[in-house]
Each structure stands twice: as structure tokens, then as C-alpha cells.
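S.K.: Next comes the sequence, and after it the predicted model I'd like to discuss.
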Amino acid sequence: MRIDVITIFPGYLAPLREALLGRAIGAGLVDLAVHDLRSWTRDVHQAVDDSPYGGGPGMVMRPQVWGEALDAVLALDERPARIVVPTPAGRPFTQATAQAWTGEERLVFACGRYEGIDQRVVDDARRRDLPVDEVSIGDYVLVGGEVAVLVMVEAVVRLLPGVLGNPASAQQDSFSDGLLEGPAYTRPEVWRGLAVPEVLRSGNHAKIARWRRDRALERTAQRRPDLLAALPEDALDDADRAF
Ligand SMILES: NCc1ccc(-c2ccccc2)nc1
């Protein structure tokens, strides 16, 4: 998978080259290219924004600069790309989104700042039949899209074959079965007077699996009843319902 990020703060994306993601890049599982949007400005001030039509606070990012930047970056590679625009006004980015994007050959992230990017940039891309997703990683407003890109790239790349040491962990993590993950423990057996739940040291794998499922159901019911309500009919068996 090739990932391009266009931003006025390339340094914000440096963490993508660390640790797990850095190793995935080193292993050739992912190609990452970060581009400075100002490379496509033509004025001496390298202006990327301007006042909003209709008035109101803040500034809007100029369509000319973004149009030239996207055209140039898309032309760098012949692989078909999905353009992703992080925005508080976007559709929710979920684990399902991350899973779906693992099938993409290329993702091009457009990081907005200020009040966002002139809407015509997205409209123009869509009318050229380029797939464009405006996505939100949560109901809060950041200063720009860069942090959202770090979140989404990590969520997607970790799912790519060969990236995680143990692929099973990607299957068993939260949300993969629609439930939150329950509590986890490691040595020592007792820490500050707190003991690891007995069942986890019992060696009885059926009992352990049941206990873990019950804790996941309990935590999901307490913290995210919306996830429980969204589970497909056949997702819970009789033992689950008994819980
Ligand atoms: N839903 C997370 C998110 C994503 C992007 C932005 C944002 C804020 C200002 C300008 C451009 C993007 N804020 C929140």
C-alpha cells in the first residue's frame, strides 16, 4: 500500500516512521510519502488560505493550491487512490472503515487546517470519479487533520498482512467481535495487594474463554450499550444472554 499525506506541517507526520509503522515501511509493506502543501503555492507569501465567502470567523484553504497539489501527488503513481479528508463534519471512521481501506492500493490524505478546505476541491475530485471520503475520528474539533491521519494510518496499517507479529491479535482486539476488550493481566500474580483473577491461572481454557467473554459483555454493557444494541441477532449465544 502506498500512503501519501499532503499537509502544511510535514513534521507532524514524523511519528509514522517510528516503531511498528516504521518497521512496516522498512519491510516494504507500506510506502509513505509526505508532501508540503506550500510547494504548490505561487505567491511570495506562499498563502494557502483566504477569508471565507459569506463572512464568519477563521480562514478557508484555497482551492487552487489544493487542486494543484492533489493533481500532482496523484500523478506520482499510477495506482488508483482513495482520497481521504479528515474533518469533524465527516462520516465516522470505524474499525470497519480501517478494515475496508486495507483493500486499497493507495490512500492520499489531505490534511486541512483553519476552517477546512474549500468544498470545491472535494466536489471537483468526485466529479472526476475519484473516490473521496470525508471522515471524522470523533466528535471533537482538532486544529487540523494531521493528528486524525496518524490515528487512521495506524488503524489501517496494523491490519496489513505481515505488519503485526501475531495476526490473531488483530482479530481478537476490541471491535473485531463487536465488543470491547475485557481487562488484561500479566505477572506478578499479586501486585500492591491486588491478585490476578483466579480463573486466569486455572489452565481451564473453556472457563477462561467464558470468563473473558463475560467481562467483555459486562464492560460493553457498562461503557458502550450502543455497541451491544448494534450486535447482529446471532452474535450472542445462550451463555452470553445468561450473563
Ligand atoms: N473528527 C476529528 C477531526 C478531524 C479534523 C479536524 C479539523 C479541524 C480543523 C481543520 C481541519 C480539520 N478536526 C477534528
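M.R.: Yep, that arrived.

S.K.: Mark out where each domain of the protein begins and ends.
M.R.: 2-157, 174-242 (automatic domain parsing).

S.K.: Those domains: which one's closest to the ligand?
M.R.: Among these, the nearest to the ligand by C-beta to the nearest ligand atom is domain 2-157 (3.6 Å). All C-beta atoms are positioned from the backbone trio N, CA, C, and that covers glycine.

S.K.: just to revisit the earlier point, can I get the domains of the chain in a markdown table including mean neighbour count?
M.R.: Supplementary listing: these in a markdown table, determined by neighbours: other C-beta atoms under 10 Å:
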| stretch | mean neighbour count |
| --- | --- |
| domain 2-157 | 17 |
| domain 174-242 | 13 |
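
S.K.: L164 is nearest to which of the ones you listed?
M.R.: domain 2-157 (7.7 Å; C-beta to C-beta).

S.K.: For the domains of the chain, which has the smallest mean pLDDT value?
M.R.: If you rank the domains of the chain by mean pLDDT, domain 174-242 sits at the bottom with a mean of 94.

S.K.: Tell me how far that one lies from the chain's centre.
M.R.: Counting by C-alpha atoms, centre = their mean, to the nearest Å, domain 174-242 is centred 25 Å from the centre of its parent chain.

S.K.: Could you do stretch 25-34 as well?
M.R.: 17 Å.

S.K.: Export that stretch to CSV, keeping only CA atoms.
M.R.: Below are the C-alpha coordinates for stretch 25-34, written out as CSV (Å, rounded to 0.1, in the frame of the first residue of the first chain):
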residue,chain,number,x,y,z
ILE,A,25,7.8,0.9,5.9
GLY,A,26,11.3,-0.6,6.2
ALA,A,27,9.9,-4.0,5.3
GLY,A,28,8.3,-2.5,2.2
LEU,A,29,4.8,-3.4,3.3
VAL,A,30,3.9,0.3,3.1
ASP,A,31,5.3,3.2,1.1
LEU,A,32,4.9,6.6,2.8
ALA,A,33,5.3,10.0,1.2
VAL,A,34,4.6,13.3,3.0
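
S.K.: follow-up on the earlier one: with distance to the ligand as added columns, please give the domains of the chain in JSON lines.
M.R.: As requested, the domains of the chain are exported to JSON lines (distance: least, C-beta to the nearest ligand atom, whole Å):
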{"stretch": "domain 2-157", "distance to the ligand": "4"}
{"stretch": "domain 174-242", "distance to the ligand": "18"}
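
S.K.: got a markdown table for the ones you listed, with distance to G165 too?
M.R.: A markdown table is the format used below for the domains of the chain (distance: least, C-beta to C-beta, whole Å):
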| stretch | distance to G165 |
| --- | --- |
| domain 2-157 | 9 |
| domain 174-242 | 17 |
